[in-house]
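**Q** Coordinates for the following, if possible.
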Amino acid sequence: MYDNDDSLLGVRTLLGLNKKEKIVVIKQLETQDSGNFRPALTTIKATGNTEFVLACSMDIMEDVLKQLQQVGMMTDIYSYIITNLDVQTLDLSPYQYAGTNITLARIIDPEDTEVMQLAESIYKFRKTRDASIEDEVLFPSWKMRYETALIADAVQLFYETLYDLTIDKKKSITAIPLSCHEDSSWNEGYTITNSMKTKTVKGLTGLVKFDIEGFRTDFNVDIMELSQGGLINVGQWNSLRRSLNTYRPEKISTRIGADDLFNRTFTVIITISQPYGMLTETTTQLVGNDRFEGFCIDVIRELSSILGFNYTFVIQDDGANGVFNPTTGQWNGMIREVMEGRADLAITDLTVTSERETAVDFTMPFMNLGISILYKKPEPVPPSLFMFVSPFSAMVWIMLGVSYFIVSICIFIMGRLAPAEWQNPYPCVEEPEFLVNQFSIRNALWFTMGALMQQGSELAPISISTRAASGVWWLFVLIMVSSYTANLAAFLTVETLMTSFKDIEELASQNEIKFGAKKGGATANYFRDSNLSIYQKVWSYMVHHPELMVDTNEEGVRRVENENYAFLMESTTIEYVTERHCSLAQVGGLLDDKGYAIAMKKESPYRNGLSKAVLQMQERGILTGLKIKWWKEKRGGGNCAAKSEGSEATPLDLQNVGGVFLVLTIGTILGIFGSFAELAWHIHQKCKKERKPFKEKFLNEMRFFLKFKQQVKEVEAESSSENSNPAALDILRK
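**A** Numbering: from 1, shown residues only. Predicted coordinates:
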């Protein structure tokens, strides 16, 4: 995060050190109002990043740090490296107990004797110039900025250089007037400059020493870390060696441990909300903490066993978690009880929001969740009368019909071309006068239909080409029938569910189903504060239909069961409800990502210890076990047996079976070429035997081939004209 172009120069240098090419997000802190960085910081917080380099000028640094705390970014999950060398001059005490990892650098040691002497001199100088300055108001050394120290070091270096030249070396230096617009220079200036480069002095910023190019070298930078006791020195970087030496003290810790919470007694405020906090189901009268049970009750008990504190549960009478009223400027509910000190801790289904973090502190979340939609389970779609056509898409059925007719015509053509398909109708006659072809257009259609229906047609291909084409057709039919059978079984067994909507966009775009959320809850506020158009549409609907907003989650669940109503609520509560109300289900995914956490007073010293214990419970699986206990086992959990959600079988489209059609096309084309090859070879052999020209014979065959209605072919032989029987020929033709 940076604020101006000067800061950006340092950021560019820092990016050059990114050797591992990690992703670094650069954000300029722009203000809409004078000094208001909260909108920009809130946007940065929403990204989920927790490690920052803060490169800001001192003009805005104090405001930025304060507003980081106000938007909830000064907690123990955040880390900051601050590049400005003057940050130590600010009052950092408001952030000492936040647990934030703040690292900064300095080149001035405020405890150095010379620094303190200069600070005292500055105070005396101001006192002489302004007598109204009170005596007790001193200029503390830690408020000295590094530019002041650098000026003092520069004056000291210049003085000692002149002293060496004039006193020790007895050199006379005379200043002469020079013009800025001429090329003339002062020769003594080079002497002084070169002497300064070789001079070494002990200044306020450490060792003042230069290299041959005139750059500062061999100086130290202290690395500081903010702890509960203030700034502590944890390391030192040397510019000459380019090395960082760390010497972190043994007891440096910004975390509150178990010892700080041991034997303390806290008032813990809860709400009666299933399954987070409930009255214990029993026939005997209970008193004290035994009156309550639930997920949050068990969380407090586990934390107590880890940290050793005592607790007393009290109930929030109105059940309100906490909403800010902009008119009165006051909070209500549990948040107000914590702010005013009537409760030390607050735990329930209390969502961590940026607005609430301005009023109270939260531990790390003990449960992660998001907003979702509760609605009735979708009903099964009634079966269609023509479900048998569902396994294939319309395009596949069309292509199947087209393939049937094309293959039939190709079989008919190949049958006429292939000489082997012209058979003697009277096998007893060794030298027939006529030949008959079995593949008329009707027979070809019947042959392919028989194969398609997996039935016989009593027609058997004889030639190689027709057999090859028939084999390809049979392979095609085998695959198509198998695919049809498998997909039909899926359509008959898979239950297709009729969903009214699938997500928040579809819900907001329809008018039949009413929807709402809990009044003043984090869910409703999320839609109120969102900038997304669809969420703004949802919020506008809620504003114009206040009668659809409910006071409690239980009321929302009842409306979902009894009305055509969808309820927007936290996903974890939806899980609890759907385990006990089998007619309800969650629709769509999560709309956001947030968490439930324990609230406490701002800058509470117990926050870090509680957060650490929550993390331990998470790592040990305790939180997961408690959720299983209260969601799936206790209070009717597990009544709705897990059942696979209905899904919709997808019809096979052309892209699923396109390869089969391709094989069929290639096989059919090869079959046609094979028929021509068979015909040409037959004519060639016959012409060779009878010594007739091939071309004339081939053209005669093609002329007959084009007479598609003739299925009887005269046998050409030397004696055919003498022995021909015209009457028999007419009978065969008919």
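
**Q** In contact with the residue lying closest to Leu626 once chain neighbours are set aside, which residues?
**A** Nearest non-adjacent residue to Leu626, counting by C-beta to C-beta, 6 or more residues apart in numbering: Asp298, 5.1 Å away. Glycine gets a C-beta too; all of them are placed from N, C-alpha and C. If a contact means C-beta atoms under 8 Å, 6 or more residues apart in numbering, then Asp298 has 626, 629-630 as its contacts.

**Q** what helix or strand is the closest residue to Pro391 other than its chain neighbours on?
**A** Take Pro391 and drop its neighbours on the chain: the residue closest to it by C-beta to C-beta, 6+ apart is Asn487, 3.6 Å away. Counting by DSSP states H and E, the element that carries Asn487 is helix 464-493.

**Q** name the helices or strands packed onto that helix?
**A** Using 3 or more C-beta pairs under 8 Å, 6 or more residues apart in numbering; DSSP states H and E as the contact criterion, the elements in contact with helix 464-493 are helix 394-417, helix 441-452, helix 654-690.

**Q** For the second one, the averaged confidence score.
**A** What that stands for is helix 441-452. Mean pLDDT, computed over helix 441-452, is 85.

**Q** And for the longest one?
**A** For helix 654-690, the mean pLDDT works out to 73.

**Q** same check, this time on the first one
**A** The predicted model assigns helix 394-417 a mean pLDDT of 87.

**Q** How far does that helix sit from its chain's centre?
**A** Centroid separation for helix 394-417 versus its chain: 51 Å, with C-alpha atoms, centre = their mean, to the nearest Å.

**Q** Repeat that for the longest one.
**A** Between the mean C-alpha location of helix 654-690 and the chain-wide mean there is a distance of 56 Å, by C-alpha atoms, centre = their mean.

**Q** ranges for the helices of the stretch 301-450 of the chain?
**A** In chain order, the stretch 301-450 of the chain shows helices spanning 333-339, 354-357, 394-417, 441-452, with DSSP state H, counting those that start in this stretch as the criterion.

**Q** Which one of these lies nearest to Ile176?
**A** Each of the helices of the stretch 301-450 of the chain was scored for nearness to Ile176 using C-beta to C-beta, and the closest is helix 354-357 (65.1 Å).

**Q** Can you give the contact residues for the closest one?
**A** For helix 354-357, contacts defined as C-beta under 8 Å, 6+ apart pick out 42, 45, 71-72, 322, 324, 335, 350, 362, 525, 529, 599.

**Q** Next, find the distance separating the closest residue to Asp164 other than its chain neighbours from Thr166.
**A** What sits nearest to Asp164 in space, not counting adjacent residues and going by C-beta to C-beta, 6+ apart, is Ser195, at 6.8 Å. With distances defined as C-beta to C-beta, to the nearest Å, the gap from Ser195 to Thr166 amounts to 11 Å.

**Q** Give me the more crowded residue out of those two.
**A** Summary of the neighbour comparison: Ser195 and Thr166, criterion other C-beta atoms under 10 Å, with Ser195 having more neighbours (18 against 12).

**Q** Please name the strands paired to the helix or strand containing Met278 in the sheet, noting orientation.
**A** Here Met278, judged by DSSP H and E, is contained in strand 278-279. Using DSSP bridges, the strands paired with strand 278-279 are strand 292-293 (antiparallel).

**Q** Name the residues that touch the partner strand?
**A** In contact with strand 292-293 (C-beta under 8 Å, 6+ apart) are residues 270, 277-281, 313.

**Q** Need the worst-confidence member of these.
**A** Looking at pLDDT alone, the contacts of strand 292-293 dip lowest at Glu281, where the score is 85.

**Q** Contacts only, for that residue.
**A** 293, 635.

**Q** How about the secondary structure of it?
**A** Secondary structure, DSSP: H, G, I helix; E, B strand; the rest coil: Glu281 is coil.

**Q** What pLDDT is listed against Asp222?
**A** For Asp222, the predicted pLDDT is 90.

**Q** For my notes, confirm it occurs in a helix.
**A** No. The assignment for Asp222 (three-state DSSP) gives strand, which keeps it out of a helix.

**Q** what about the stretch 51-200 of the chain, any weak spots by pLDDT?
**A** Low-confidence regions of the stretch 51-200 of the chain, defined by pLDDT under 70, span residues 131-140, 168-170.

**Q** Assign Ser7 to helix, strand or coil.
**A** Reduced to three states with three-state DSSP, the structure at Ser7 is helix.

**Q** do the same with the one 5 residues further on
**A** When states are read from three-state DSSP, the local structure at Arg12 comes out as helix.

**Q** how far away is it from Ile107?
**A** To Ile107, Arg12 is 21 Å away according to C-beta to C-beta.

**Q** Those two: which has the busier surroundings?
**A** Applying other C-beta under 10 Å to Arg12 and Ile107 shows that Ile107 carries more neighbours, namely 16 against 9.

**Q** for Leu548, what are its contacts?
**A** Taking C-beta under 8 Å, 6+ apart as the criterion, Leu548 is in contact with 514-516, 542, 565.

**Q** now with 6 Å?
**A** Each residue near Leu548 by C-beta atoms under 6 Å, 6 or more residues apart in numbering is listed here: 514, 516.
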